[in-house]
Structures are given as structure tokens and as C-alpha cells.
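**Q** output the structure for:
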Amino acid sequence: MDRLLILQTGTTLPRLAARRGDFAAWFIRAAGLRRSDVDTVRVDRGEALPSARRLAAVLVTGSASMVTDRSDWSERTAAWLASAVRSNAVPVLGICYGHQLLAHGLGGRVDWNPLGRQIGTQSLRTGAQATTDPLFAAVAPEFRAQTTHQQFVVEVPSGAQVLASSALDPHQALRFGERAWGLQFHPEFSAGIMAGYIRGRHERLVSEGLDPVRLLRECGPTPQARWLLRSFVRLARVGGL
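**A** This next block holds a predicted model:
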């Protein structure tokens with residue numbers, strides 16, 4: 001029961017992967033885990049999902065895929081996550097694509113953000129429901145987080161609580177039931193990883209009217225976002241969630 005599962009839903013940019021490893025490695029490093037603590041399932045490659053009840057916690061990564069594509073692997077994973085959440089089988093934390101996949105599987109709606117791409121180190125605000133949440137209660141009313149996404153949760157599932165928002169996304173953090181959370185932002189990103197995405201998307205960002213030079217200048221550490229990931233893992237492992 002002390003093992004954690006990372007559901008990897010995609011892979012990073014080749015240049016970033018060569019220098020910093022892939023998504024699972026970022027989660028392990030950011031959460032202060034050892035590789036021996038973690039099993040990784042590449043759901044995007046069709047690998048089989050285990051029983052949720054044999055796990056201490058589940059972490060779901062981001063992806064370059066889009067939830068609205070309704071890929072077979074994605075829909076299977078969404079159904080597995082929804083079952084785990086509804087049965088309270090295991091604590092779950094979904095990040096970016098994982099956040100959207102949880103919302104989709106539980107009856108919410110994901111779509112393209114009409115305000116466009118959100119990328120870079122951004123300011124987020126917590127909501128009133130965050131003050132009594134096991135993860136967010138100790139987070140400042142305004143904190144910085146790393147973001148990169150184009151789709152977002154348009155409609156939250158019934159009963160979900162909104163814990164944080166940003167200027168471009170009202171649903172940056174959600175709580176689904178008793179033991180599951182979704183973060184649209186990336187607590188596993190360092191400032192260097194964030195900068196790597198901005199550099200890797202330079203031409204695309206310029207074509208969308210964004211300023212990569214300004215975004216790089218504003219890149220910085222996000223200690224409270226990182227703390228949320230570490231707090232989730234710590235509480236899950238000691239039975240606090």
C-alpha cells in the first residue's frame with residue numbers, strides 16, 4: 001500500500017527530454033520520491049491499468065494530446081479514474097491533462113479556451129473553499145505556478161469544488177469528492193523546465209500574439225505550487241487523505 005502510481009499520458013519535447021528526462025522523472029524529483037517508490041504506466045501507449053485499491057496514491061501527468069480527441073486510451077483512463085474517485089479507492093492528483101481527464105470522466109466538460117493559450121509563470125488566486133481543503137488551506141491567497149495549456153475545464157462536474165483560478169482560467173484547481181484533486185498548473189515544473197517550453201514553442205507563441213521574451217523574463221520559482229505536490233504525496237503515504 002506504500003507504492004505510488006504515475007499514469008503518464010504523453011511525453012515532453014525531445015530537447016527537454018534529452019536534458020531533464022521525461023514527465024515521470026519530473027514528478028519523482030519534484031515530489032522528493034525515490035524511483036523505487038513509484039510504478040509508471042504509459043497509458044498513452046496502451047499499457048494496462050492496475051487495481052487502484054492496491055496503491056497509496058495516483059498521479060496523472062500532462063500531455064500534448066487533447067482530451068477532446070477522445071482517444072481510446074484516454075477514454076479508458078478517464079473511466080478508470082472516475083471509478084477510483086467514486087469508490088474512494090485511492091487518493092488521486094491529476095495535473096494539466098490529468099486534471100482535465102478527471103473532470104471529463106466525472107461528467108464535466110473540457111474544451112478549447114476561447115481566451116487562448118496560457119503559458120509561463122502565472123499568478124493564481126485561491127477561492128473561499130480552499131480555506132478548509134486539506135491541501136490548499138495553508139496556501140497563500142495568491143501564489144505563482146507554472147502553466148502551459150490551451151484546453152481547460154469549461155464546466156466542472158457536479159459536486160466539484162473550485163479551489164483556485166487565474167485570469168485566463170476560472171478552474172485552475174478543483175477537488176473531486178473526498179480524495180481527488182485536479183491542478184491545471186504544473187507543480188512538477190521547475191523554472192528551467194518552464195523556460196524550456198517557452199523556448200521550444202517560440203515561433204508558435206509569436207504567431208499567437210504572445211511575447212516569448214517577456215514570458216522568459218517573468219519565469220521564476222513556484223515554491224507553493226511545488227509544496228502542493230509534496231504535501232499530497234506526504235499525506236497520501238501516511239493515510240492523511
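**Q** what's in contact with the lowest-mean-pLDDT helix or strand in the chain?
**A** The helix or strand of the chain with the lowest confidence, counting by mean pLDDT, DSSP states H and E, is helix 14-20 at a mean of 93. Outside of helix 14-20, the residues within contact range by C-beta atoms under 8 Å, 6 or more residues apart in numbering are T11, T12, W26, G192, I193, G196, Y197, G200. Bear in mind the C-beta positions are built from the backbone N, C-alpha and C, glycine included.
**Q** am I right that the first one is in contact with A25?
**A** No: when contacts are counted by C-beta atoms under 8 Å, T11 is not listed as touching A25 (11.2 Å).
**Q** center of the chain, which residue is that?
**A** By C-alpha atoms, centre = their mean, the chain has its centre lying nearest to I95, at 0.9 Å.
**Q** which ones are touching the closest residue to Q129 other than its chain neighbours?
**A** Nearest residue to Q129, sequence neighbours excluded (C-beta to C-beta, 6 or more residues apart in numbering): Q161, at 4.5 Å. The contact partners of Q161, by C-beta under 8 Å, 6+ apart, come to Q129, D133, L174, R175.
**Q** swap in T147?
**A** Q118, I119, G120, T121, Q122, S166, Q184, F185, H186.
**Q** could you pull out the helices for the chain?
**A** Ranges of helices in the chain, per DSSP state H, are 14-20, 23-30, 72-86, 97-105, 191-200, 202-207, 212-218, 223-237.
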